[in-house]
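Chemist: Sequence below, structure please.
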Amino acid sequence: MLRGLLLTACRWLQDWSQALARERVPAPALFAPAGPPTYHKLQRVVLAEGVAQTLFQEFTEHRAGPRGDEEVGWVLLGIREEQEVRVLATLPAGADREAGVAHVYFNSTAQAVACRMVRQGQRRLGIVGVVHTHPGSLRHPSDGDFQGDSLWVGRLRGSEGVFGIGTADGEPHHAEPLHAEPANGQPANGKAAAYPEHLQGRGELCFCWYALGVGDKRYRRLPVVTAPGPDLAWPLHPVWESIERHAEALDGLCQQLAGVSFDVLSGAQTLVMRIPLANTHDTLRIVLRLDEAQFFLDRGEELVAVDPPAGPLDQAVFLVLAELARQRHATAAEPVLAGKR
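Modeler: Below is the predicted model:
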């Protein structure tokens with residue numbers, strides 16, 4: 001799991017740093033920022049209700065599926081505050097994960113692409129941690145988890161990460177789900193919690209939460225609460241197989257082309273990629289499904305189907321772009337050539 005997660009984190013942080021460099025502009029001294037935020041040791045993790053729902057729902061579905069005896073996991077995206085992390089999105093390990101009863105390696109390329117998709121409208125989001133399940137009753141990260149986690153937490157904001165362990169060994173006091181964020185330090189229902197503050201339970205399923213920072217010798221239990229809000233990456237989950245199928249090509253295209261954006265047609269389980277064309281208002285629209293890629297030239301009021309030669313997705317994209325550039329230059333040259341005649 002950690003091998004794939006480290007690749008995802010490194011790739012995402014590199015893209016994020018390059019984006020910051022492009023976006024940085026001189027500012028008057030009067031409006032200069034006071035400096036980087038000061039991070040303290042995490043005091044709690046705040047999950048959006050949609051994130052909690054995703055974890056419990058997909059854990060349940062995983063256990064009922066053909067690979068239910070394997071570990072499974074999610075990368076967490078969110079915002080690091082001074083003393084807490086707000087988790088706002090989940091990225092699944094994916095169908096192409098390598099997993100067994102004691103390990104899970106994430107599909108790092110698909111998650112790197114998905115990070116870009118989620119951050120289109122949420123630039124503050126970053127990787128804040130990871131959740132994975134244990135098939136037995138070990139509710140604490142293992143020694144192997146520690147060896148991997150301690151290698152990459154230094155790359156996170158605040159040099160500290162959030163880690164969740166899911167198990168299916170619930171006891172009666174785990175049946176009550178964790179509700180809304182407490183007000184004035186009191187539980188939302190006015191009653192004392194019947195389970196440890198670092199544990200979420202729903203039926204037989206539970207997630208235990210921990211923090212680990214650079215130089216820590218062990219994990220710390222981390223109190224968890226939920227707050228209203230969706231899982232910002234949930235629209236990607238129904239099309240995750242398409243993301244995985246085209247991940248290598250999409251990753252390369254995002255790195256080589258400017259202005260690439262994505263939309264999800266959730267009802268049709270379809271991923272739409274848009275590439276703006278230089279010196280025009282036109283856009284190349286690519287509709288992606290599992291085994292199909294359809295190309296369209298979007299001219300605003302007109303949508304023209306494009307039929308590229310068969311081949312890999314990235315190759316087809318560049319062939320279409322080259323042909324469109326050739327046509328544009330040929331059209332621009334016609335009046336000059338006519339004048340010479």
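Chemist: What part of the protein, helix or strand, is modelled with the least confidence?
Modeler: strand 98-99 (a mean of 42; mean pLDDT, DSSP states H and E).
Chemist: Just list the residues touching residue 140, thanks.
Modeler: 165, 208, 210, 219 (C-beta atoms under 8 Å, 6 or more residues apart in numbering). Backbone N, C-alpha and C define where each C-beta goes, glycine included.
Chemist: switch to 10 Å and redo it
Modeler: By C-beta atoms under 10 Å, 6 or more residues apart in numbering, the contact set of residue 140 is 134, 146, 163, 165, 167, 208, 210, 218-219, 221.
Chemist: For ChimeraX, write the selection for the buried entries among the residues you listed.
Modeler: Typed into ChimeraX, the line below selects the buried ones among the contacts of residue 140, using 16 or more other C-beta atoms under 10 Å:
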select :134,146,163,165,167,208,210,219
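Chemist: which one among the contacts of residue 140 gets closest to residue 69?
Modeler: For those, the residue nearest residue 69 by C-beta to C-beta is residue 134; the value is 11.6 Å.
Chemist: which residue sits closest to that closest one in space, ignoring its chain neighbours?
Modeler: What sits nearest to residue 134 in space, not counting adjacent residues and going by C-beta to C-beta, 6 or more residues apart in numbering, is residue 167, at 5.4 Å.
Chemist: give me the beta-bridge partners of that neighbour?
Modeler: Counting by DSSP bridges, residue 167 is bridged to residue 206.
Chemist: Let me see the ranges of the strands in the stretch 151-300 of the chain.
Modeler: 160-167, 199-202, 205-213, 220-221, 224-227, 261-265, 270-276, 283-289, 292-298 (DSSP state E, counting those that start in this stretch).
Chemist: then the longest one to PDB, C-alphas only?
Modeler: The C-alpha atoms that make up strand 205-213 are tabulated as PDB, following Å, rounded to 0.1, in the frame of the first residue of the first chain:
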ATOM      1  CA  LEU A 205     -17.700  -2.300  11.100                       C
ATOM      2  CA  CYS A 206     -15.400   0.100  12.800                       C
ATOM      3  CA  PHE A 207     -12.600   2.500  11.900                       C
ATOM      4  CA  CYS A 208      -9.900   3.500  14.400                       C
ATOM      5  CA  TRP A 209      -7.900   6.700  13.700                       C
ATOM      6  CA  TYR A 210      -4.300   7.600  14.400                       C
ATOM      7  CA  ALA A 211      -1.700  10.300  13.700                       C
ATOM      8  CA  LEU A 212       2.000   9.800  12.900                       C
ATOM      9  CA  GLY A 213       4.600  12.600  12.500                       C
END
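Chemist: Now do that strand and strand 160-167, the angle between them.
Modeler: Taking axes from the mean of the first three to the mean of the last three C-alpha atoms, to 10 degrees, one finds strand 205-213 and strand 160-167 inclined to each other by 160 degrees.
Chemist: buried ones in stretch 119-128?
Modeler: By neighbour count on 16+ other C-beta under 10 Å, the buried set for stretch 119-128 is 119, 125-128.
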